[in-house]
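A.B. asks: quick one, structure for this:
(chains A and B)
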Amino acid sequence: GAVVSQHPSRVICKSGTSVKIECRSLDFQATTMFWYRQFPKQSLMLMATSNEGSKATYEQGVEKDKFLINHASLTLSTLTVTSAHPEDSSFYICSAQTGTGGEYEQFFGPGTRLTVL
Amino acid sequence: AQSVTQLDSQVPVFEEAPVELRCNYSSSVSVYLFWYVQYPNQGLQLLLKYLSGSTLVKGINGFEAEFNKSQTSFHLRKPSVHISDTAEYFCAVRSYSSASKIIFGSGTRLSIRP
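C.D. replies: Next comes the predicted model:
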């Protein structure tokens, strides 16, 4: 089946530093990838939609200069949290979309837990 | 726009008992419906989905869900739960457009008691 990986699975960083999270579709090509954020005991909130070769579309309230998204290839999207602060600590999950003929499906990565000290 | 309501934030049940997790949705257009499961500190795994056809959908791990258009519901059921079913369950919808987003419900934490 379709597998999506994320790296790293956990990261701890100091306040003010930047952190890059990778999302890869391992056995399929994904023209569209999504980035979600999940706070403890809450649902997933979509942050942005990433299309290969074009700029990401950010949801309302998400700072595009703080959460940089790059979708350089059909199998890789990266999320960079710039100048991270403790309030950015969260569980970040990506998903990759595949499908044709109107039946699209998203496959989710295992998530990355970011802790900013 | 679409929205998903999961009325029960927590559902405790005894092992081997049946369970139903409720999900209602709102949408002005036709949607696909999904149930995802999330185990602690992990990503989401698709349990089942309704695209079209039979309103009773069977998924993995013995779960099933029934689409009820008139009641705009998509409740998840399992006749006999196991300790390993302890997890967070999310109901979700997505419109037919390929570029549309998945809208998640707030989640239901299923806890199984021995």
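
A.B. asks: before we move on, what SS does the closest residue to B:Gln38 other than its chain neighbours have?
C.D. replies: Spatial nearest neighbour of B:Gln38, chain neighbours left out: B:Glu88 (4.5 Å); criterion: CB to CB, 6 or more residues apart in numbering or on different chains. The C-beta positions use only the backbone N, C-alpha and C, and glycine is treated the same way. Taking DSSP: H, G, I helix; E, B strand; the rest coil as the rule, one finds B:Glu88 in the strand state.

A.B. asks: what distance do you get for B:Glu88 to B:Asn68?
C.D. replies: Look at B:Glu88 and B:Asn68: by CB to CB, to the nearest Å, they are 23 Å apart.

A.B. asks: so which bits of chain A are right by chain B?
C.D. replies: Contacts of chain A with chain B, taken as CB under 8 Å from any CB of the partner chain, map to A:4, A:6, A:32, A:34, A:41-44, A:46, A:49, A:91, A:93, A:95, A:97, A:99, A:102-111, A:113.

A.B. asks: closest to the centroid, which residue in chain A?
C.D. replies: When CA atoms, centre = their mean is applied to chain A, the residue found nearest the centroid is A:Trp35 (3.4 Å).

A.B. asks: my guess is that residue is in a helix, correct?
C.D. replies: No. Looking at A:Trp35 with three-state DSSP, it is strand, so not inside a helix.

A.B. asks: contacting residues around the closest residue to it other than its chain neighbours?
C.D. replies: Distances taken as CB to CB, 6+ apart place A:Met47 nearest to A:Trp35, at 4.6 Å, with adjacent residues excluded. For A:Met47, the contact set (CB atoms under 8 Å, 6 or more residues apart in numbering or on different chains) comprises A:Trp35, A:Tyr36, A:Arg37, A:Tyr58, A:Glu59, A:Val62, A:Phe67, A:Leu79.
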